[in-house]
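Q: give me a model of this one.
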Amino acid sequence: MKKVRINSSTVASVARRPTRAVKPRKVRAQFDHYVASAVADSTRRAYAADLRHFRDWGGRVPATPAMVARYLAAFAGKVKASTLNRRLAAIASAHTVLGKPSPSRSELVQATMRGIRRIHGSAQRQAKPISIEMLRLLAKPQRHLDPVRDLRDRALLVVGFAGGFRRSELARLKLENLVFDAQGVTVSLVRSKTDQQGKGRVVALPHGPGRMCPAKLLKSWIQLVREMDPEELDAKPLFRRVDRYGKPGGGLSGAAVGGVMRRRMRDCGLDPSGFSAHSLRSGLLTAAAKAGVPTWAIQRQTGHRSESTVHRYIRGLSPFERNAFASAAQTK
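A: Okay, here's the model as predicted:
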């Protein structure tokens with residue numbers, strides 16, 4: 001289980017007493033700054049909420065393995081196993097901040113989680129993938145819609161699919177992250193969910209067919225924003241909210257990307273049930289697998305670190321597609 005650090009003030013709220021290492025005001029301020037920068041904002045908020053939940057139940061930090069095991073058992077079957085796993089990670093991180101051994105690693109806690117998964121299951125509800133055929137429809141201009149919103153939506157969804165981006169990555173994109181050339185556009189990502197140290201990665205978006213060309217859509221969107229809001233083009237995120245008068249405003253949140261996706265599907269006559277912003281990412285993974293793209297090439301595009309994670313996100317493939325025996329039998 002991956003352990004990450006969280007803000008020390010969160011830990012202090014569930015600990016019996018603060019440690020001496022963070023008592024001096026200046027040292028504590030520096031400590032808070034670096035710990036807060038170690039993880040994504042969404043992870044930090046989730047962990048803080050998880051620790052509050054543990055405290056409200058009656059838990060404390062440091063905690064014993066028996067206390068954590070009882071906590072897990074109290075909510076087994078009431079929340080998803082993945083939620084319990086995240087709460088375990090939050091508890092473990094709190095102990096790391098305080099320099100205490102984590103009860104999450106104990107055999108008692110691990111055995112409790114194995115039992116919960118076996119009895120209640122650990123399958124996660126997964127977003128349906130967007131297919132190439134669906135993307136082609138979503139990328140078609142809708143004349144009955146506001147032209148600014150229509151262009152924003154088409155650019156957002158095609159770019160999201162082509163890059164296999166997470167919704168948070170789409171929401172953070174700025175003009176400075178893009179470099180256009182004869183082959184398309186390259187996107188420099190400073191930080192992502194699996195790159196908390198900010199090493200960054202570069203994603204290539206080649207020219208696509210017709211209205212599914214991410215480079216052309218990005219250029220059109222940038223030109224429109226430049227004409228309507230020239231002073232804020234560099235400062236604000238690339239993809240903006242659009243008000244009822246068709247004027248670009250502040251940046252979209254990650255959650256808003258999913259709202260754009262579902263509304264666009266309804267506008268195009270598609271049922272949005274079961275789809276989310278993550279459908280763009282899983283859609284690229286699935287389409288690439290169907291096309292026979294090697295796993296390493298998929299990982300380079302999406303930033304996944306492990307092959308097993310890539311395989312988990314590939315959905316909708318028939319067991320007869322890319323079948324090992326069928327391919328082997330064709331060889332001479």
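Q: A strand includes A204, no?
A: Yes: under DSSP: H, G, I helix; E, B strand; the rest coil, A204 falls within a strand.
Q: bridging residues for it?
A: Counting by DSSP bridges, A204 is bridged to T186.
Q: next, the contact list for it, please.
A: Counting by Cβ atoms under 8 Å, 6 or more residues apart in numbering, A204 makes contact with Q183, G184, V185, T186, V187, Q301. In this view, the C-beta of every residue, glycine as well, is placed from N, C-alpha and C.
Q: how about 10 Å then?
A: By Cβ atoms under 10 Å, 6 or more residues apart in numbering, the contact set of A204 is A162, G163, D181, Q183, G184, V185, T186, V187, R300, Q301.
Q: same check, this time on Y313
A: Neighbour list for Y313: 126-127, 129, 164, 278, 281-286, 289, 298, 302, 304 [criterion: Cβ under 10 Å, 6+ apart].
Q: mind checking how far the residue lying closest to D146 once chain neighbours are set aside is from R52?
A: Nearest non-adjacent residue to D146, counting by Cβ to Cβ, 6 or more residues apart in numbering: G246, 4.7 Å away. Distance, G246 to R52, using Cβ to Cβ, to the nearest Å: 41 Å.
Q: same thing with G77?
A: G77 sits 22 Å away from R52, going by Cβ to Cβ.
Q: compare these two (neighbour count), which wins?
A: For the pair G77 and R52, the greater number of neighbours falls to R52 (14 against 11), based on other Cβ atoms under 10 Å.
Q: and the next helix or strand past the helix or strand containing that one?
A: Here R52 sits within helix 41-57, counting by DSSP states H and E. Sequence-wise, the next helix or strand downstream of helix 41-57 (DSSP H and E) is helix 65-75.
Q: who's in contact with that next one?
A: 53-54, 57-61, 63-64, 81, 83-85, 87-88, 91-92, 101-113, 115-116.
Q: same thing but 7 Å
A: The contact list for helix 65-75 (Cβ atoms under 7 Å, 6 or more residues apart in numbering) reads 54, 57, 59, 84, 91, 103-104, 106, 108-109, 112-113, 116.
Q: buried residues of it, list them for me.
A: P65, M67, V68, A69, Y71, L72 (16 or more other Cβ atoms under 10 Å).
Q: try stretch 270-283
A: Within stretch 270-283, the residues scored as buried using 16+ other Cβ under 10 Å are P272, F275, S276, A277, H278, S279, L280, R281, S282, G283.
Q: what about the last one, distance to K290?
A: This points to G283. Taking Cβ to Cβ, one finds G283 at 11 Å from K290.
Q: hang on, the earlier thing: only whichever of the contacts of Y313 are buried, select them in ChimeraX.
A: Applying 16+ other Cβ under 10 Å to the contacts of Y313, the buried members can be selected in ChimeraX as follows:
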select :127,129,164,278,281,282,283,284,285,286,289,298,302,304
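Q: helices - which of the contacts of Y313 land there?
A: Of the contacts of Y313, the ones assigned to helices by DSSP state H are H278, R281, S282, G283, L284, L285, T286, A289, I298, T302.
Q: show the model's pLDDT score for the second one.
A: It stands for R281. With respect to pLDDT, R281 scores 92.
Q: tell me the phi and psi of the closest residue to it other than its chain neighbours?
A: Nearest in space to R281, with sequence neighbours left out and distances taken as Cβ to Cβ, 6+ apart, is G164 at 5.0 Å. Here is the backbone geometry of G164 (degrees, to the nearest 10): phi 60, psi 40.
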